[in-house]
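[1] can't give you the sequence, but here's the structure:
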């Protein structure tokens, strides 16, 4: 018993020396086959505040479909609203982008890409694009990842309709004029995320969906999903993935553990670190990383999708919050996170 105690103390001290917070879940908490559930109090959380979060969601009609709170690798609150359940596959909208970025990190680890500084147009040899410009030639993978491509993209329904009518989505995006130096200005661009998917299809030789199934979903135990394709059969990089809420949470858990899953390094810790740090300032309070939103004031980062789809990760609290919804925006959801869920953390 003394030897085991000393080993545990050594691991905790080592993590502290490395400047990292060690998640407190143990080997039995890897949710590959399913999440374990426990009372909030057993995981250092206030059950009353979590109950208030659900009550407020109902009172304010936030149009939530599900709310999951996971601490130390254990579900401490799992609420499904009418017509939705644990097995319901839900359209993730732009949460898909964070999966796309993760797969790009895996491709880098595997040597299928050499660096995020690779120039985008180099992946389309011999192909001509409208509005040629030296700045377009200089655009890098990192500029797509951080939404700083410089392309004259307008996010919205009209642009999406044009994409669905196009026979070559990547060309449509890369045909756009460039109006700013790449890397200089944040402009949210779902089409840029799709170009990343097309590039990954080229370097891996398979669709993003198939690549995810073999290199990410298999390790995490994600078996049920759908992923929409473009006109050429490429998995859409900026939206189109559907998962159940518990499987959404697995992406957060992977990042919470520095890219490791049950003894296997699925994506490198360096990727997790760089992807979830602020690279660019946005128009709102959040910063932006590699297809992840960064919230320094909340001590976390998030994958966000239209209508309130959320995977929020707070590393210092060893906490994950997942929502699916049909909300107008994320304002009410972040109020729940800030005013109730984060405040519900009462102990280690």
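    Nice, I can see it. Everything numeric in this text was worked out from a predicted model, so none of it was measured.

[2] Compute the number of surrounding residues for the residue nearest to residue 30 when sequence neighbours are not counted.
    Distances taken as Cβ to Cβ, 6 or more residues apart in numbering put residue 262 closest to residue 30, at 4.1 Å, once the chain neighbours are dropped. To be clear about C-beta, it is placed using only N, CA and C from the backbone, and glycine gets the same treatment. Counted by other Cβ atoms under 10 Å, the residues lying close to residue 262 total 14.

[3] Mind pulling up the pLDDT for residue 262?
    As predicted, residue 262 sits at a pLDDT of 97.

[4] what separates it from residue 217, distance-wise?
    14 Å (Cβ to Cβ, to the nearest Å).

[5] Mind pulling up the pLDDT for the residue nearest in space to the middle of the chain?
    With distances taken as Cα atoms, centre = their mean, the chain has residue 98 as the residue nearest its mean C-alpha position (3.1 Å). The model reports residue 98 with a pLDDT of 98.

[6] I figured it was touching residue 251, is that so?
    Yes: here residue 98 reaches residue 251: they are 6.5 Å apart, a contact under Cβ atoms under 8 Å.

[7] ok, back up a step: can you give me the separation between the residue nearest to residue 30 and residue 347?
    26 Å.

[8] what comes up buried for stretch 128-138?
    Neighbour counts over stretch 128-138 (16 or more other Cβ atoms under 10 Å) mark 129, 135, 136, 138 as buried.

[9] Please state the offset of that stretch from the chain centre?
    Remark: stretch 128-138 is offset 30 Å from the chain centroid, using Cα atoms, centre = their mean, to the nearest Å.

[10] Pull up the gap between residue 68 and residue 215, please.
    Between residue 68 and residue 215 the computed distance is 25 Å (Cβ to Cβ).

[11] okay, the two: which has more neighbours?
    Ranked by neighbour count (other Cβ under 10 Å), residue 68 and residue 215 place residue 68 first, with 24 against 19.

[12] Now do the same for the more buried one: helix, strand or coil?
    strand (DSSP: H, G, I helix; E, B strand; the rest coil).

[13] Quick check, it in contact with residue 74.
    No: the criterion here is Cβ under 8 Å, and residue 68 misses it with residue 74 at 11.2 Å.

[14] Check for me that residue 320 belongs to a strand.
    Yes: the assignment for residue 320 (three-state DSSP) places it in a strand.

[15] pretty sure it contacts residue 311?
    Yes: if you go by Cβ under 8 Å, residue 320 and residue 311 touch, sitting 7.0 Å apart.

[16] Find the residues that touch each one of these two.
    249, 252 (Cβ atoms under 8 Å, 6 or more residues apart in numbering).

[17] the more surrounded of these two?
    residue 311 (28 against 25).

[18] who's the more buried one bridged to?
    Taking DSSP bridges, one obtains residue 303, residue 322 as the residues bridged to residue 311.

[19] Surely it is in contact with residue 301?
    No: using Cβ under 8 Å, residue 311 makes no contact with residue 301, being 9.3 Å away.

[20] Show me the common contact partners of the two, please.
    By Cβ under 8 Å, 6+ apart, no residue touches both residue 311 and residue 301.

[21] Helices of the stretch 1-150 of the chain, start to end?
    All helices of the stretch 1-150 of the chain, identified by DSSP state H, counting those that start in this stretch, fall at 2-17, 47-59, 95-109, 134-138, 141-145.

[22] Which one, of these, ends up nearest to residue 82?
    helix 47-59 (10.6 Å; Cβ to Cβ).

[23] Check which helices and strands the closest one sits against.
    strand 64-71, strand 74-80, helix 331-336 (3 or more Cβ pairs under 8 Å, 6 or more residues apart in numbering; DSSP states H and E).

[24] can you give me the strands in the stretch 101-250 of the chain?
    Per DSSP state E, counting those that start in this stretch, the stretch 101-250 of the chain carries strands over the ranges 226-227, 241-243.

[25] Other residues contacting the first one?
    Contacting residues not belonging to strand 226-227 are listed as 89, 96, 208, 209, 212, 235, 236, 240, 241, 242 [Cβ under 8 Å, 6+ apart].

[26] Repeat that for the last one.
    For strand 241-243, the surrounding residues in contact (Cβ under 8 Å, 6+ apart) are 89-92, 95-96, 99, 222, 224-228, 235.

[27] same thing but at 6 Å, please
    89, 91, 92, 96, 99, 225, 226, 227 (Cβ atoms under 6 Å, 6 or more residues apart in numbering).

[28] And those, which of them are buried?
    Judged by 16+ other Cβ under 10 Å, buried ones among these: 91, 92, 96, 99, 225, 227.

[29] so the third one makes contact with residue 239?
    What that stands for is residue 96. Yes: between residue 96 and residue 239 there is a contact under Cβ atoms under 6 Å: 5.0 Å.

[30] tally of neighbours for the residue lying closest to residue 223 once chain neighbours are set aside?
    Spatial nearest neighbour of residue 223, chain neighbours left out: residue 217 (7.4 Å); criterion: Cβ to Cβ, 6+ apart. Applying other Cβ under 10 Å, we find 19 residues neighbouring residue 217.

[31] Next one: residue 217 from residue 250, what distance?
    Residue 217 is 9 Å from residue 250, by Cβ to Cβ.

[32] picking up where we left off before, from what I see, the residue nearest to the centre of the chain and residue 289 are in contact.
    No: counting by Cβ under 6 Å, residue 98 stays clear of residue 289, with 9.4 Å between them.
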